[in-house]
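In: Next comes the sequence, and after it the predicted model I'd like to discuss.
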Amino acid sequence: MSKYQRLWEELEKREGPSLALAFEEIEALAGVPLDHSFLQYKKELTAYGWQVKKISMKGQTVLFERTEGGTAK
């Protein structure tokens, strides 16, 4: 089980073509601190219909975007 599994499952439930989350929100949803390993784990997200579009270190946010195969509910 991925350390970000809870976050992936939560994103899978979300509606819309994109979603921006603050680092703090990601940590709360995932139940683990956001760290450098997120860059490796983010590849798992495509299985849930999402991808990481942009990570803003300055804004402390991550922009998620639905993949072509993802379903915009």
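Out: Okay, I see it.
In: tell me which residues in the helix or strand harbouring residue 53 are buried?
Out: Element membership of residue 53, judged by DSSP states H and E, is strand 50-56. Using 16 or more other Cβ atoms under 10 Å as the test for burial, strand 50-56 gives 50, 51, 52. Placement of C-beta: from N, CA and C, glycine included.
In: Helices along this protein, start to end?
Out: Listed in chain order, the helices of the chain (DSSP state H) span 5-13, 23-30, 38-41.
In: Of all those, which one is nearest residue 60?
Out: When the helices of the chain are compared by Cβ to Cβ, helix 23-30 sits nearest residue 60, at 4.6 Å.
In: Tell me which residues are up against that closest one.
Out: Under the contact criterion Cβ atoms under 8 Å, 6 or more residues apart in numbering, helix 23-30 has outside partners 3, 4, 6, 7, 10, 21, 33, 34, 60, 61, 62.
In: pLDDT (mean, whole number) over that helix?
Out: Taken as a whole, helix 23-30 has an average pLDDT of 97.
In: could I get it in CSV with only the CA atoms?
Out: Taking Å, rounded to 0.1, in the frame of the first residue of the first chain, the C-alpha atoms of helix 23-30 are listed here in CSV:
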residue,chain,number,x,y,z
PHE,A,23,0.6,21.3,1.0
GLU,A,24,-1.2,21.3,4.4
GLU,A,25,-4.4,20.0,2.8
ILE,A,26,-2.5,17.2,1.1
GLU,A,27,-0.8,16.2,4.4
ALA,A,28,-4.2,16.2,6.2
LEU,A,29,-5.8,14.0,3.4
ALA,A,30,-2.8,11.7,3.1
